[in-house]
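Peer 1: quick one: sequence plus predicted model below, questions after.
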Amino acid sequence: MSNKATDRPAFDPYSEFLGLPPGPRPPHLYDLLGVEIFCAHRERIEHAAREQYRRIKPFQDHPERSIRDEIQNIITRVANARTVLTNPEQKALYDEKLAERLKIDRDAMLRERTAARAPEYALIVVAGPAQVGTRLPLLPDNPLHIGSDPMCGLHLPGLRMQAKHVTLTFENEAWRLRSPQACITVVNDQRVYDTTLDEGEAIDLGGYRLLFERIDAKKPHPSSIPPPLSLIVRQGPSIPHPTINAIAPARILIGTCETAVWQLAGKQVSVHHARVAPSGALWEITDLHSDTGTLHDGEKVRSAILTHGDHLAIGRFDIQVSLRK
Amino acid sequence: MGKISARSVGIDLGTTFSALAYLDEKGRPRTVTNSRGHDVTPSAVWVKPDRSVVVGEAALAARRNRADHVAVNFKRDMGEKVYHEPVCGKQFSPQALSALVLKKLGIDARNVLENITGAVITVPAYFGDARRKATQDAGRIAGLNVLDIINEPTAAALANAFAEYVHRGGDMVRLDVARIATTAPATTLIYDLGGGTFDVTIIRIDNNNFEVVATGGEVQLGGVDFDRRVLNYYCDEFQRRTGVDPRDTAESTVKILNACEAAKIHLSKAEQATIEGEYLGKQMKLPVSRQRFEQLTSDLLARTQLCVEMLLEDALLGWDRIDNILMVGGSSRMPQVTRMLAEVSGKAPDMAAAPDQIVAHGAAIHAAILTYDRASATPSAPKKPITPDAELSFLDDDDDEDEGGPSASGSTSFDDIPLSLPIEEESEDQSDAPVSAPIAPMEAPIARGIKLTDVNSHGLGVIVRSSRESRTVNSVIIPKNTPLPTTRVKVFGTEAANQRQVRLRITEGDARDPRGCTQIGECLIRLLPKGLPKGSPVEVRFAYDRSGRVHVRAVELTSGAGADVEIKRDTGFDADTVGKMADIVAEIDVE
């Protein structure tokens, strides 16, 4: 577009402001956004465009005029890359030209990429009001939305779950979890907004606990894990989820805390009141030094093994234990 | 027709066009027509060799023959020291060129108004500190009593709310505040694509409360960039066919650029336009379809889209939370703008009634509010002068005075002692004291009790050393989109034991990388007592007042030693310079 051929110094605004590795300038649109060539991941493209825009924008008042002008061009190119690559028709046209220019067999490349990307990880719902036991393999080419909206890839109903609570995408060879500001998501007991997931990590959101596992992870022997557990409120204040189900190896935090998997309300319930977790082939409840204590069959306990039909009292809640064989 | 007596006015100082408005006896905004009978005046300044100056249409016409004698688009250079090229062989500051446009608007206004008591000048919401200050200076150089600088989208929202009120049968003379705003609280996204700048602002109007939620934009994106695309398309083709490039001379470029702009405007209504140009005796007619035009400029439009979406993301709002979309600015007339906004939002955007004038109208309303405020206020406390005390000094870049006596440890060069990362943060918002604006007796009747809350468009912070990252970073103290006025405090720790002074470099910008920020001032705490341990707490307090001034105070908490500073900008002129320039501009013959 420029009509002037300026003898540009070795200064490379693309690496300076966007951190791009050396390469042809201007870079093609995929390189510009820092996504893999022919990436068809709409959300990843949109996200990458925003990231690049945020990255370069602060520099637009650069003291040197020629660099300033070039930054303007780059911003426009980033915006354009986003539009072209998220529009199927424009993208197809662009891909075709790019493959021709770079002498790449696009289809073969994509086939190879898909083949190389068998699912390696799965999400397992280990505790929550519903869907417990669901196991979902994660496909690297598909982002996964989790939320109460039925359109989500993992649909988890519940009043504490946002319509689109978190998004999982495969980026730079890792699964990345993003949770908007308004959504409360906890990974390994830390509130998170944007994090990469490691094998075996637990995700707590909206009254559910999910486990991020390798698909080929070694399973413990069936007899050494406790049977599925349900805790049911028989009497007590009205709460969003009066029942919680769990399978091993779930660990359920009970309390008034927003991040608790099982949130109970009331002044007599402590923020972190009690925890239910497997102990060998059994379930065990442990009181977390709560103010009013945890009652197991009418007795104040520090910890207790749960059996079918037991009664628990936490605050004003009367809870029944149910174990399935 | 008798003249209206004294009035404060609102001025939209645009990249390509400027307009001046006032409120008539009935409180309705009116745009002053210029000597050619037009509502808007091109922001073009023709400097003749005899030092007389012509502003407006005639200047644009002159540009076709003497491009080097005419300055245009200088709003884009606001904040720079000089306009990017000499005009009639002389260097001009963008402020001076803008002042000449303001002077011309003032001359035209005097056909209708006897006296201009004060002016509110608008700026793009995304303008940073330096550009705002330059705009204010331009007003003063033009001899105007600048009441305030207000953001263009905010002005548009104000004017739009009033226009709707009048449209619903509201009476401007006996104003019913409760009916000013729409009946239900509404959140409006204002998309303002002007000649040279792009702004997007989300504003919430609840009765008479105008609350800006978030603002963003681009200071180098506007209609002129669309014209350039068409110009390059035409000239590339011209060169291909004839072997010569009309862009080789400024004059032929200007002529074709004008034709391209005309084609762009035509294409907003018609499907096809023809551009005719001539260079070195060769001529070419080139038809351009609307589709082709949209192709040529699709990336520019995409950029505005990205900007809008990022603003929504920043403000944690979805399109479902936006009730109305208001399009402002002449370039919003391009049909693809409406189409794009409708597609991404799922809503029908509204075009402002007079997209070129609405900003000036809003500024006039704001001016009337302010004029009354100041007239009716009890003798206001005089503005607190800046009294630099012994412990405070401004440093020039190469000023390395050191009489504070550096510690034995030696390395107390100012630059090398930033602060380490924050120990704690707190914030004290004071946004509950909005401007109240009763009816002005001397002004036209105007809204009682309009409350206007704006936000800052850029973060403000200080450069500190992060020990974790072992580099200097920009620590934002007032993040962008914070409602004003506000006071924010952060506590940092000194970087070394026995540190005797602390230099604060105050930045504008949101990047963590200091290179992505503009330094807008600095202050120095000196003469700290000996023997302070490393990590001694230094409290940094930023107070951003309603008029856009930033007061910074830093205190070393254990000793109580402190320094404060009111932000001074490098490009801002001091009162003397403004005075001198004003004298020069006053003498220049402007027509």
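Peer 2: Yep, that arrived.
Peer 1: average pLDDT for stretch B:468-475, rounded please.
Peer 2: The predicted model gives stretch B:468-475 an average pLDDT of 82.
Peer 1: which residues touch the nearest residue to residue B:344 once chain neighbours are set aside?
Peer 2: Computed as CB to CB, 6 or more residues apart in numbering or on different chains, the closest residue to residue B:344 that is not its neighbour in sequence is residue B:305, at 6.2 Å. To be clear about C-beta, it is placed using only N, CA and C from the backbone, and glycine gets the same treatment. Neighbouring residues of residue B:305 by CB atoms under 8 Å, 6 or more residues apart in numbering or on different chains: A:79, A:83, B:340, B:344.
Peer 1: of those residues, just say which sits nearest to residue B:521.
Peer 2: residue A:79 (32.7 Å; CB to CB).
Peer 1: dump the host helix or strand of that closest one to PDB, restricted to CA.
Peer 2: In the assignment (DSSP states H and E), residue A:79 maps to helix A:65-86. Provided in PDB are the C-alpha atoms of helix A:65-86 (Å, rounded to 0.1, in the frame of the first residue of the first chain):
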ATOM      1  CA  ARG A  65       7.400   9.200  13.400                       C
ATOM      2  CA  SER A  66       8.200   6.400  11.000                       C
ATOM      3  CA  ILE A  67       7.900   3.800  13.700                       C
ATOM      4  CA  ARG A  68       4.700   5.400  14.900                       C
ATOM      5  CA  ASP A  69       3.300   5.100  11.300                       C
ATOM      6  CA  GLU A  70       4.400   1.500  11.100                       C
ATOM      7  CA  ILE A  71       2.700   0.700  14.400                       C
ATOM      8  CA  GLN A  72      -0.500   2.100  13.000                       C
ATOM      9  CA  ASN A  73      -0.100  -0.300  10.000                       C
ATOM     10  CA  ILE A  74       0.600  -3.200  12.200                       C
ATOM     11  CA  ILE A  75      -2.500  -2.500  14.400                       C
ATOM     12  CA  THR A  76      -4.600  -2.300  11.200                       C
ATOM     13  CA  ARG A  77      -3.100  -5.600  10.000                       C
ATOM     14  CA  VAL A  78      -3.900  -7.300  13.300                       C
ATOM     15  CA  ALA A  79      -7.500  -6.200  13.100                       C
ATOM     16  CA  ASN A  80      -7.700  -7.400   9.500                       C
ATOM     17  CA  ALA A  81      -6.100 -10.700  10.300                       C
ATOM     18  CA  ARG A  82      -8.800 -11.300  12.900                       C
ATOM     19  CA  THR A  83     -11.600 -10.400  10.400                       C
ATOM     20  CA  VAL A  84     -10.100 -12.500   7.500                       C
ATOM     21  CA  LEU A  85      -9.300 -15.600   9.600                       C
ATOM     22  CA  THR A  86     -12.700 -15.700  11.400                       C
END
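Peer 1: beyond it, next helix or strand please.
Peer 2: helix A:88-102.
Peer 1: now that following helix: buried residues?
Peer 2: Within helix A:88-102, the residues that qualify as buried are A:91, A:94-95, A:98-99, counting by 16 or more other CB atoms under 10 Å in any protein chain shown.
Peer 1: save those residues as TSV, and put in distance to residue B:516 and pLDDT too.
Peer 2: What follows is the buried residues of helix A:88-102, written out as TSV (distance: CB to CB, whole Å; pLDDT from 0 to 100):
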residue	distance to residue B:516	pLDDT
A:91	31	92
A:94	30	94
A:95	33	93
A:98	31	94
A:99	35	92
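Peer 1: show me which of the residues you listed is closest to residue B:206.
Peer 2: Once CB to CB is applied, the member of those that ends up nearest residue B:206 is residue A:91, at 42.6 Å.
Peer 1: give me the number of residues near the nearest residue to the closest one once chain neighbours are set aside?
Peer 2: Spatial nearest neighbour of residue A:91, chain neighbours left out: residue A:85 (5.3 Å); criterion: CB to CB, 6+ apart. Neighbours of residue A:85 under the rule other CB atoms under 10 Å in any protein chain shown: 27.
Peer 1: residues of chain B that sit close to chain A?
Peer 2: B:79, B:84, B:128, B:218-221, B:229, B:232, B:235, B:245, B:247, B:298-300, B:302-303, B:305-307, B:309-310, B:313, B:316, B:509-511, B:513, B:515-518 (CB under 8 Å from any CB of the partner chain).
Peer 1: out of these, list just those in strands.
Peer 2: B:218, B:518 (DSSP state E).
Peer 1: does residue B:70 touch residue B:86 like I think?
Peer 2: No. Taking CB atoms under 8 Å as the definition, residue B:70 is not a contact partner of residue B:86, at 11.7 Å.
Peer 1: in the lowest-mean-pLDDT helix or strand in chain A, what's buried?
Peer 2: The helix or strand of chain A with the lowest confidence, counting by mean pLDDT, DSSP states H and E, is helix A:106-116 at a mean of 76. Buried residues in helix A:106-116, counted by 16+ other CB under 10 Å: residue A:110.
Peer 1: got the angle between it and helix A:88-102?
Peer 2: 100 degrees (axes from the mean of the first three to the mean of the last three CA atoms, to 10 degrees).
Peer 1: for the helix holding residue A:79, what is the distance to the chain centroid?
Peer 2: The chain centre lies 30 Å from the centre of helix A:65-86; the measure is CA atoms, centre = their mean, to the nearest Å.
Peer 1: show me what from the stretch 51-200 of chain A comes close to chain B.
Peer 2: Near chain B, when you scan the stretch 51-200 of chain A using CB under 8 Å from any CB, you find A:53-54, A:58-61, A:65, A:68, A:72, A:75-80, A:82-83, A:180-182.
Peer 1: out of those, which end up buried?
Peer 2: A:53, A:58-61, A:72, A:75-80, A:82-83.
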